[in-house]
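1. quick one, what's the 3D model for this:
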Amino acid sequence: MALSGTRVVLRSLLARRFQTVTTTVTVAIAVGLLLTILSMRDATRQTLERGAGNMHLVVSAEPSSLVSVLNSVFHAGAPTRAMTWLQVQQLQRDPRVAYALAIQQGDSFEDYPVTAVEPIFFEQFSPDSGYDPERDGEDGRWGVANGRLIEGRFEVVLGARVAQETGLGIGDELLLTCGLAGAGFVHAGFGYKVVGVLELSGTPHDRVVFADLASGWIIHAQDKRDREVGGKAARVTEDDLSAADRLVTGVYVRGVVREGRQASAAIADLASELRRNPSLTVASPASEIDALFRIVNRVDRVLIAMAFVVLVSGAVSIMLALYSAGQMRRREIATFRVLGASRGRIVRWVLAEAVLLGAAGAAVGVVMSMLGGLAVSWGLKAQLGLVVEPAVSPAAFGVVGIAAIVLAALAGVAPAVLAYRTAVAAHLRPLG
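-> Numbering: from 1, shown residues only. Just a heads-up that it's a prediction; the model follows:
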C-alpha cells in the first residue's frame, strides 16, 4: 500500500484544527509585525527625503526646527507664526542664495492643505533633490499632467492625488477654508480657478493645492477688514495691501553651489548668521530627517526585537503542538511503520508539518502586514498629515518569510526525533 506523504501531513493538520489555526496565527502576528515595522520605516524615510526636494534650508518663525520642517515641507500641521515680506526680500538679495521662495500655509480645501506660492516657485524648487535650476533648466522641474502652472491671480494647481481623489479638473472653481481639514471658515467671495494638475511625484506635495501667493494675501486682508468693520468691507485689491498684509509662513532656501555639486559651502555661514535672529528658525530638512530617524531607529530596534521574540514563541508553539500530537499519535506512527513507512519518511512528515505551519503563518503575516501598513499610514495622515505609502522590498519579504520557515523547521526537530524513536512493537499491543 503506497502512502501519500502530502495526504498524511494535511490530514494530520486538519485533525488538529484548533492547534493548527492558533499556531499559524501566532507565527502570522510576528511576521506581520516585523514586516509592518520594516515597511513603514523605509517608506516614511523615502517619503520625507523626497519631499525635501532640492532646497537646503527652511526659514520660518516656528518654535522649533523640526516643527518648521514638518509643517513647511510635509504639510503636517498649521503654522503658528509668520514672517514679513521684508525678511523674504533680504534673503532673496543675499549673494549666497540661489533662490528664496516664500510660501504661505494655513488654508485648506476639504482635507487637503493649501500652499500659496509665487509662479517662480515651480521654476526653481523641484521634488528632485538633484535638480539645479541654473544647470538643468526645465529638466527635472515639476511635470504638468494637464493644463498649465499658475500665472495670474486666483489660480490653483492641484497635486496629482488631489485631482485623483476629488475629481476636480481644469476650469473648475473652488473656495478655500481658513485652517486645516476644513476646521475654519470659508473665504467666501473669492473663487479660485483650477488651471493645472501636476504629475505624480511620490512626495507629500501630491496632496497639496498650490495657490497664488498674492491672492492669499488679498483674501486674508479682506477677512481682516471685514472683522474690523463688523460686516462686509469694501473689496480688497492688490493695491490695498499693506506691509502687515504681506506675510508668509516659511521660505525655501537654496544656496549657491559650484558646478557638479549639490552641497553649498556658503549655506552653513548663511544659516549661522540667520540663527542669530531670535525671531527666525532655520532648519535643514536633511539634518532634521536624520535626527528624527536616529530617534525612530532606537524604537525600531525594540519593536523588531519584540517581533523576533513573538516569532520564536511561534516556533515554540509549533514544537509543543507537534510534540503533543506525536505523543498521542505513537500508535498511528507504529501502524505507518508496519505499512512500509521508514523512520526517515516519518521524520520528513513531521518536519513537513512544521514547515507548512511556518509557511502558512508567513503567508498570513504578509497579509496582516499589508493591513497593518494601511492602518499605520492612515494614522500618520490623520494625526500628522504625513502621507506615507507602505512598501516592503521583495528582499525583506523573502528574509522574514524564510526566517519564519527555518524557525518552524527547527521547532519540528524535537517532535521528529520523538516520532523517529517510536517503537513499533510497544505501540501495537492490544489496547484491552
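2. so which bits of the longest strand along the chain are buried?
-> Using DSSP state E, we find that the single longest strand of the chain is strand 97-109. Within strand 97-109, the residues that count as buried by 16 or more other Cβ atoms under 10 Å are 97-109. C-beta: built from backbone N, CA, C; applies to glycine.
3. try stretch 306-322
-> Buried residues in stretch 306-322, counted by 16+ other Cβ under 10 Å: Ala307, Val310, Leu311, Gly314, Ala315, Ser317, Ile318, Met319, Ala321, Leu322.
4. TSV for the buried residues of strand 97-109, including pLDDT?
-> Formatted as TSV, the buried residues of strand 97-109 follow (pLDDT from 0 to 100):
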residue	pLDDT
Val97	90
Ala98	88
Tyr99	91
Ala100	93
Leu101	94
Ala102	94
Ile103	94
Gln104	94
Gln105	91
Gly106	87
Asp107	89
Ser108	88
Phe109	89
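5. my read: Ala404 touches Ala360, true?
-> No. Contact criterion Cβ atoms under 8 Å: Ala404 and Ala360 do not qualify, at 9.7 Å.
6. under the pLDDT cut-off, which ranges of the stretch 51-200 of the chain? List them.
-> Along the stretch 51-200 of the chain, segments meeting pLDDT under 70 span 51, 129-140, 181-184.
7. if you set the cut-off to 80 instead, what comes out?
-> 51-53, 76-78, 128-141, 179-185 (pLDDT under 80).
8. for it, which segments count as strands?
-> Taking DSSP state E, counting those that start in this stretch as the test, the strands found in the stretch 51-200 of the chain are 57-60, 83-84, 97-109, 112-117, 144-147, 155-158, 173-174, 177-178, 192-198.
9. dump the residue contacts of Leu174.
-> Phe109, Val156, Leu168, Gly191, Tyr192, Val194, Val209 (Cβ atoms under 8 Å, 6 or more residues apart in numbering).
10. so what's the last one up against?
-> Okay, so that is Val209. Contact analysis of Val209 by Cβ under 8 Å, 6+ apart lists 108-109, 112-115, 156-159, 162, 174, 176.
11. next, it: phi, psi?
-> Here is the backbone geometry of Val209 (degrees, to the nearest 10): phi -100, psi 120.
12. tell me the bridge partners for it.
-> Listed beta-bridge partners, Val209: Val114, Leu158 (assigned using DSSP bridges).
13. distance of it from Tyr192?
-> 8 Å (Cβ to Cβ, to the nearest Å).
14. overlap in contacts, those two.
-> Val156, Leu174, Leu176.
15. turn the residues you listed into a markdown table, including distance to Trp349.
-> Conversion of the shared contacts of Val209 and Tyr192 to a markdown table gives the following (distance: Cβ to Cβ, whole Å):
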| residue | distance to Trp349 |
| --- | --- |
| Val156 | 66 |
| Leu174 | 66 |
| Leu176 | 68 |
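16. give me the sheet partners of the longest strand of the chain and which way each runs.
-> strand 112-117 (antiparallel), strand 177-178 (antiparallel), strand 250-255 (antiparallel).
17. Ala411: which of those is closest?
-> Checking the strands paired with strand 97-109 against Ala411 by Cβ to Cβ gives strand 112-117 as the closest, at 49.7 Å.
18. output that closest one as CSV, restricted to C-alpha atoms.
-> Extracted in CSV, the C-alpha atoms of strand 112-117 (Å, rounded to 0.1, in the frame of the first residue of the first chain):
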residue,chain,number,x,y,z
TYR,A,112,-6.1,68.9,1.5
PRO,A,113,-3.6,71.6,2.6
VAL,A,114,-3.1,74.7,0.5
THR,A,115,0.3,76.2,-0.1
ALA,A,116,0.3,79.7,-1.7
VAL,A,117,3.4,80.4,-3.8
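19. so which residues make contact with that strand?
-> Strand 112-117 has contacts (Cβ under 8 Å, 6+ apart) with 75, 101-108, 150, 156, 159, 162, 166, 176, 180, 207-213, 215-216, 385.
20. enumerate the positions of that strand that are buried.
-> For strand 112-117, the neighbour count (16+ other Cβ under 10 Å) marks Tyr112, Pro113, Val114, Thr115, Ala116, Val117 as buried.
21. which of the residues you listed sits closest to Thr23?
-> The shortest gap between Thr23 and any of the buried residues of strand 112-117 belongs to Tyr112, at 45.3 Å (Cβ to Cβ).
22. distance of that closest one relative to Arg207?
-> Separation of Tyr112 from Arg207 (Cβ to Cβ) stands at 6 Å.
23. got any residues that touch both of the two?
-> Contact with both Tyr112 and Arg207 is made by residues Gly159, Val162, according to Cβ under 8 Å, 6+ apart.
24. show me how this structure divides into domains.
-> Domain segmentation of the chain under automatic domain parsing yields 5-46+292-427, 57-283.
25. what is the neighbour count of the residue nearest to Asp94 when sequence neighbours are not counted?
-> Nearest residue to Asp94 in three dimensions, chain neighbours excluded: Leu270, at 6.7 Å (Cβ to Cβ, 6 or more residues apart in numbering). Neighbour count of Leu270, defined by other Cβ atoms under 10 Å: 22.
26. can you say which helix or strand has Leu270 in it?
-> helix 267-274 (DSSP states H and E).
27. name the strands paired with the next helix or strand after that helix and say parallel or antiparallel.
-> Per DSSP H and E, the first helix or strand lying C-terminal to helix 267-274 is strand 281-283. Strand pairing for strand 281-283, using DSSP bridges, gives strand 57-60 (antiparallel).
28. send me the partner strand as CSV with only the CA atoms.
-> Extracted in CSV, the C-alpha atoms of strand 57-60 (Å, rounded to 0.1, in the frame of the first residue of the first chain):
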residue,chain,number,x,y,z
LEU,A,57,17.2,75.3,4.3
VAL,A,58,13.7,76.2,5.5
VAL,A,59,13.4,79.5,7.2
SER,A,60,10.3,80.3,9.3
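29. contacts for that strand?
-> By Cβ under 8 Å, 6+ apart, strand 57-60 touches 68-69, 71-73, 79, 81, 83, 91, 100, 249-255, 267, 270-271, 274, 280-285.
30. what about 7 Å?
-> Strand 57-60 has contacts (Cβ atoms under 7 Å, 6 or more residues apart in numbering) with 68-69, 72-73, 83, 91, 249-253, 267, 271, 274, 280-285.
31. circling back to that earlier point, just put the strands of the stretch 51-200 of the chain in a markdown table and tack on distance to Val302.
-> Shown next, in a markdown table, are those (distance: least, Cβ to Cβ, whole Å):
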| stretch | distance to Val302 |
| --- | --- |
| strand 57-60 | 31 |
| strand 83-84 | 40 |
| strand 97-109 | 35 |
| strand 112-117 | 33 |
| strand 144-147 | 43 |
| strand 155-158 | 41 |
| strand 173-174 | 45 |
| strand 177-178 | 40 |
| strand 192-198 | 39 |
